[in-house]
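# below are the sequence and a predicted model; questions follow.
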Amino acid sequence: MSEQATMRGKAAIVGIGETTYYKRGQSPDPEFKLVLDAIQLAAEDAGIDVRDIDGFAAYANDRNDPSRLMTAFGSKDMTFNNMVWGGGGGGGSAAVANAVAAVLAGYSKYVVVYRGLAQGQFGRFGQGPQTAVAAGPGAFTAPYGLLSPAQSFAMRIRRFMHEHGAEQSALRAISMATYRHAQSNPRAVMYGRELTEEMYDNSRMIVEPFHLFDCCQENDGAAALIVTTAERAKDMKQKPAWVLSAAQGSDYRQAATAHNSPDYATSNFKTLAPRLYAMAGVGPEDVDVLQSYENFTGGVLMSIVEHGFCEPDEVNDFFTLENFSAPEGKLPLNTSGGNLAECYMHGLELVHEAVRQVRGESTCQVPDANVSMVTSGPMVQPVSDLILAADRGVDA
Amino acid sequence: MSAEVGSYLPEGLPRPGPAIDGLGAEFWEAAKRHELVVQQCRACGAFQWGPEWICYQCHSDDLTYTRVSGRGIIYSWERVWHPVHPALQEATPYIVVLVELPDAGNVRMAGNLLGDRTQDVVIGAEVEVVFEDKGEGDEAYTLVQWRVVE
């Protein structure tokens, strides 16, 4: 890969901040105020004045307009603002990629990547659309009671399980690992709420094959992180989390409507993962710790396979609580508790945790973690990935 | 292929309609006539579903809707237990199937699998279309449902 075609080692995440994470509807503050707070905390963590942030990168139709944010802060100039198309968490790592692109292109000095969610303020808890008419693509699903994200994704997982003989225990291992890690993380909404095998097995079915504990939470809160160039990052307050690679992608016709993507039993990472590793100059065997977006456990199952951590026909052996537990497991997974048990911050909390692992500051620290990876948004279009490292990996 | 089904899911769910730009209107009109149609390219013969404005294979905009047999294969399925709509409060569990249509380029359609809501669902089982007429007057519409071929 030519020098011009890679961002490897040229930028870093230098600050992270998040508000208190609340259960849905519990935030005392509105969403916009939560975002202001998270960005200020990230600036403080980075050791910069919040008014020095001149770029804004968001995803998933975030409601908090950068022009209003920079006005509220009294910033002198906004040099860049950007939104990744697509819903859910698919744009989480892509927003980081866009922030890196903005600082490397010379548009901006400091770009903030942010996500605000006050789900209590904006509705929907476990409820689908309630319009009189489902027009267009929704017409082929909604009238049949195929309405919610859980229902939209369950059939992809069912097909994967059918093709590869994957068992419910594989999904359970993902859920249990996230809850186990949340027990060490005081930020986690599920801190102090352990999950046992019996609790999982006896929990109510949402839509087969998903039990309650296979589904993400809904929460209130905000998170923000700051990206800048390597030159600036070297002399800042925090140990830089170097970006080895960040990219988005979407496989052939994955957005075909009415469940017609030609490759159906997929998390949509098959074309992205090879590009990601090639840019980073690492492979799955080099990854010390993984944060993998859980909208539903089944998405994590396919994400881990499609990033080369195990073969599709080996998931029943590989997907165990032991393998996913920090610090000794083969692949410590979602070490803050993730979307299932820390907070459903549309996966930006996963990027924060990947940074903490690189800094050595996780509540479930993997010793000497160097390569720290995030996968964002399985089964949506687009999806995105991020590889951070403690070692810059290029000559400084 | 008959219409003697009642209503698998209660009234009150969104009723189907074409996209705001008209895409898909022919499918729902055909369903009212109890005909199953799939979009097909006149130029290269490719089937595609859901409908698009151009053919994904050859990019022709000369597209039509072709009647197909209504026989299919269960490609995937789910049984829904948690109701996410007020109309479904008393309607769970219910089964959604994804049906592959071998005589239409293996495109897939989602619908309900009629019959026992607790039945074992077998991927690969053969199913046939059942047209379910719902609503009245200007709001009449027909859903495309499925049942296992005995």
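In hand now; what should we look at?
# where along chain B do the strands fall?
Secondary structure of chain B by DSSP state E: the strands cover B:15-17, B:37-41, B:47-48, B:63-67, B:71-80, B:94-101, B:107-112, B:126-134, B:141-148.
# by contact count, what packs against the fourth one?
The reference is to strand B:63-67. helix B:25-32, strand B:37-41 (3 or more Cβ pairs under 8 Å, 6 or more residues apart in numbering or on different chains; DSSP states H and E). Backbone N, C-alpha and C define where each C-beta goes, glycine included.
# contacting residues around it?
B:26-27, B:30, B:35-42, B:47, B:51-55, B:104 (Cβ atoms under 8 Å, 6 or more residues apart in numbering or on different chains).
# excluding its backbone neighbours, what's nearest the residue in chain A sticking out farthest from the centre?
Here chain A reaches farthest from its C-alpha mean at residue A:132, the gap being 33.3 Å by Cα atoms, centre = their mean. Distances taken as Cβ to Cβ, 6 or more residues apart in numbering or on different chains put residue B:14 closest to residue A:132, at 6.4 Å, once the chain neighbours are dropped.
# over to residue B:102?
Leaving aside its chain neighbours, residue B:102 sits nearest to residue B:73 (6.6 Å; criterion: Cβ to Cβ, 6+ apart).
# now the one you found: how far from residue B:148?
The spacing between residue B:73 and residue B:148, counted by Cβ to Cβ, to the nearest Å, is 11 Å.
# low-confidence stretches in the chain?
You didn't pick a chain, so chain A it is. The model of chain A has pLDDT under 70 over residues A:1-4, A:123-129, A:394-396.
# was after chain B, sorry
Low-confidence segments of chain B (pLDDT under 70): B:1-5.
# hmm, 80 instead?
Scanning chain B with the threshold set as pLDDT under 80 gives B:1-6.
# what's the neighbour count on the residue nearest to residue A:132?
21 (other Cβ atoms under 10 Å in any protein chain shown).
# chain center to stretch A:259-275, what's the gap?
17 Å (Cα atoms, centre = their mean, to the nearest Å).
# stretch A:93-104 too?
Counting by Cα atoms, centre = their mean, stretch A:93-104 is centred 15 Å from the centre of its parent chain.
# tell me where chain A has strands.
Using DSSP E, the strands of chain A run over A:11-18, A:22-23, A:55-59, A:80-84, A:111-118, A:133-135, A:205-207, A:210-211, A:219-229, A:241-249, A:289-292, A:371-376, A:383-389.
# got JSON lines for these, with distance to residue A:73 and mean neighbour count too?
Output for the strands of chain A, formatted as JSON lines (distance: least, Cβ to Cβ, whole Å; neighbours: other Cβ atoms under 10 Å in any protein chain shown):
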{"stretch": "strand A:11-18", "distance to residue A:73": "14", "mean neighbour count": "27"}
{"stretch": "strand A:22-23", "distance to residue A:73": "23", "mean neighbour count": "18"}
{"stretch": "strand A:55-59", "distance to residue A:73": "11", "mean neighbour count": "28"}
{"stretch": "strand A:80-84", "distance to residue A:73": "14", "mean neighbour count": "19"}
{"stretch": "strand A:111-118", "distance to residue A:73": "10", "mean neighbour count": "28"}
{"stretch": "strand A:133-135", "distance to residue A:73": "40", "mean neighbour count": "19"}
{"stretch": "strand A:205-207", "distance to residue A:73": "41", "mean neighbour count": "23"}
{"stretch": "strand A:210-211", "distance to residue A:73": "41", "mean neighbour count": "24"}
{"stretch": "strand A:219-229", "distance to residue A:73": "12", "mean neighbour count": "28"}
{"stretch": "strand A:241-249", "distance to residue A:73": "24", "mean neighbour count": "26"}
{"stretch": "strand A:289-292", "distance to residue A:73": "29", "mean neighbour count": "29"}
{"stretch": "strand A:371-376", "distance to residue A:73": "27", "mean neighbour count": "29"}
{"stretch": "strand A:383-389", "distance to residue A:73": "26", "mean neighbour count": "30"}
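# closest one to residue A:105 among the ones you listed?
Judged by Cβ to Cβ, the one of the strands of chain A that comes nearest to residue A:105 is strand A:80-84, at 8.5 Å.
# who are the packing partners of the closest one?
By 3+ Cβ pairs under 8 Å, 6+ apart, strand A:80-84 packs against strand A:55-59, helix A:92-104.
# could you dump the ones you listed into CSV and include distance to residue B:124?
Formatted as CSV, those follow (distance: least, Cβ to Cβ, whole Å):
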stretch, distance to residue B:124
strand A:55-59, 38
helix A:92-104, 37
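# wait, which of the ones you listed is closest to residue A:206?
helix A:92-104 (23.3 Å).
# from memory residue A:203 sits against residue A:212, does it?
Yes. Assessed by Cβ atoms under 8 Å, residue A:203 is found in contact with residue A:212 at 4.2 Å.
# among the contacts of strand B:63-67, name the buried ones.
Neighbour counting with 16 or more other Cβ atoms under 10 Å in any protein chain shown marks B:26-27, B:30, B:35-41, B:47, B:51-52, B:55, B:104 as buried within those.
# returning to what we had before: now tabulate the strands of chain B in TSV and tack on distance to residue A:142.
Putting the strands of chain B into TSV (distance: least, Cβ to Cβ, whole Å) gives the following:
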stretch	distance to residue A:142
strand B:15-17	8
strand B:37-41	20
strand B:47-48	21
strand B:63-67	21
strand B:71-80	13
strand B:94-101	11
strand B:107-112	10
strand B:126-134	13
strand B:141-148	11
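# how far off centre is stretch A:54-64?
With Cα atoms, centre = their mean as the basis, stretch A:54-64 stands 15 Å off its chain's centre.
# export it to PDB, keeping only CA atoms.
Extracted C-alpha coordinates of stretch A:54-64, given in PDB (Å, rounded to 0.1, in the frame of the first residue of the first chain):
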ATOM      1  CA  ASP A  54     -12.900  23.200  15.000                       C
ATOM      2  CA  GLY A  55     -14.300  20.000  13.400                       C
ATOM      3  CA  PHE A  56     -17.300  17.900  14.200                       C
ATOM      4  CA  ALA A  57     -18.000  14.400  13.000                       C
ATOM      5  CA  ALA A  58     -21.200  12.500  13.800                       C
ATOM      6  CA  TYR A  59     -23.200   9.500  12.600                       C
ATOM      7  CA  ALA A  60     -26.700   7.900  12.600                       C
ATOM      8  CA  ASN A  61     -28.600  11.200  12.100                       C
ATOM      9  CA  ASP A  62     -27.400  12.700  15.400                       C
ATOM     10  CA  ARG A  63     -29.800  15.400  16.300                       C
ATOM     11  CA  ASN A  64     -27.200  17.800  17.700                       C
END
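# in stretch A:25-38, which residues are buried?
Under 16+ other Cβ under 10 Å, the buried positions of stretch A:25-38 are A:27, A:29, A:31-38.
# thinking again about what came up before, quick one: contacts for the residue nearest to residue A:132?
Counting by Cβ under 8 Å, 6+ apart, residue B:14 makes contact with A:129-134, A:138-139, A:142-143.
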